[in-house]
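>>> Below: sequence and its predicted model.
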Amino acid sequence: MKKIWLTDTTLRDGSHSVSHQYSIDQAVTIAKALDDAEIDIIEISHGDGLAGSSLQYGFSKATDNDLIKEVSGVIKNSKLAVLILPGIGTSADLEIARKYGAEVARVATHVTEADVSQQHIKVAKSMGMKTVGFLMMVHMAPVENLVEQAKLMESYGADIVYCTDSSGALLPDGVKERITALKENLSVDIGFHAHDNLNLAIGNSLAAIEAGATYVDCSLNGAGAGAGNARTESLVAVLKKSGYETNADLYKTLDTAEKVFRKIVPEATRPNDLTLMLGYAGVYSSFLLHTYKAAEKFHVDPREILVELGKRKVVGGQEDSIIEVAYEMSQKK
Ligand SMILES: CC[C@H](O)CC(=O)C(=O)O
Ligand SMILES: [Mn+2]
């Protein structure tokens, strides 16, 4: 039976669903339940990674360091992961995260910018962390470029390279094509991170696994940017039914989703016309809330903003373009 390793990102990507306002108590409660359900890896931090708490991305309620310290103190089975985007989080942030108990570092870059991950991957490796190269917005690059960038991350020492469908824009064939190419050209393990904007997160995760991915991301009730990620509870059930082996306990995972998480965050994901447009136009999922605000402020149709952002091929870090586009549209009205 093929073994699949799960990374639950409720406490990182899912932080977008609560505008980064998890309290320490809530994070500890959720992490304890995930740990008891034997989810392999639990990712934690501001939704935009270490040091994401800022005017640009939104301030979080609890600091990354406090979240990491308190959660690492209560988990026994799972490993704790942090996400870091070079340019937002520094090597020093990674060192502190390690000191407070993070064992896995996920170093994220835009799909064409793997070279900026070198320092962070090396620092993480030197501290004995399991290190993931996390290539985002993969729908924006031809498969050959994705492979070339993934090889760079492998050459820096990444133990796993992730294909990240940040916009939830891929269809199952596109996922298969990318994972197959990565498997053919890399020696390290391959992971897949889905977004549910086109309601394909579970199907795409399964397509990734069938093509050779052995690590997949998920979150409770699908909490996450845009329409959220692949639901942890659904993924565990689907994998079990498909004959894949995981360490997760199905009933405990279901209870974590329904009895623990839903009580804390009653409505984690809100699939709607705008989340669909994110996937359709190929726009970064974490732009959703910024787009709502800009549309309201400038009295323009948020769907038109997303279509224009997709045309301009705007990427993470260019959040100010959302305001620019909304402003320009309001001037044309
Ligand atoms: C801010 C990092 C980004 O949201 C990472 C991620 O989960 C993705 O690209 O989907
Ligand atoms: Mn994501």
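Sure, I can see it. Numbering: from 1, shown residues only. Ligands and ions are numbered 1, 2, ... in the order given.

>>> Quick one: name the residues of the stretch 201-333 of the chain near ligand 1.
Within the stretch 201-333 of the chain, the positions near ligand 1 by CB under 6 Å from any ligand atom are 225, 285-286, 316. In short, each C-beta sits where N, CA and C put it, glycine included.

>>> Now, these that are in helices?
Using DSSP state H, no member of those falls within helices.

>>> which of those residues tops the neighbour count?
Counting by other CB atoms under 10 Å, Ala225 has the largest number of neighbours within these, with 28 neighbours.

>>> ok, it touching Ser286?
Yes - at 4.1 Å, Ala225 and Ser286 qualify as touching, with contact defined as CB atoms under 8 Å.

>>> Look up the residues that both of these two are in contact with.
Shared contacts of Ala225 and Ser286, defined by CB atoms under 8 Å, 6 or more residues apart in numbering, comprise 16, 47.

>>> And the helices in the stretch 151-300 of the chain?
Applying DSSP state H, counting those that start in this stretch to the stretch 151-300 of the chain gives helices spanning 172-185, 201-210, 232-242, 250-255, 262-264, 273-281, 288-298.

>>> Tell me which of those sits most buried.
With neighbours taken as mean count of other CB atoms under 10 Å, the helices of the stretch 151-300 of the chain reach their highest mean count in helix 201-210, at a mean of 24.

>>> Show me what that helix is packed up against.
Packing partners of helix 201-210 (3 or more CB pairs under 8 Å, 6 or more residues apart in numbering; DSSP states H and E): helix 172-185, strand 189-193, strand 215-218, helix 232-242.

>>> can you give me the angle it makes with helix 273-281?
Orientation note: helix 201-210 sits at an angle of 30 degrees relative to helix 273-281 (axes from the mean of the first three to the mean of the last three CA atoms, to 10 degrees).

>>> Could you pull up phi and psi at the residue in the chain that ligand 1 sits nearest to?
Distances between the chain and ligand 1 by CB to the nearest ligand atom are smallest at Ser166, namely 3.2 Å. Main-chain dihedrals, Ser166, degrees, to the nearest 10: phi -60, psi -30.

>>> Please apply the same query to Ser54.
Taking degrees, to the nearest 10, you get phi -170, psi 170 for the backbone angles of Ser54.

>>> picking that back up, same list (the helices and strands packed on helix 201-210) but as CSV, adding mean pLDDT and distance to Asp35.
As requested, these are exported to CSV (pLDDT from 0 to 100; distance: least, CB to CB, whole Å):
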stretch, mean pLDDT, distance to Asp35
helix 172-185, 98, 28
strand 189-193, 98, 20
strand 215-218, 98, 15
helix 232-242, 98, 13
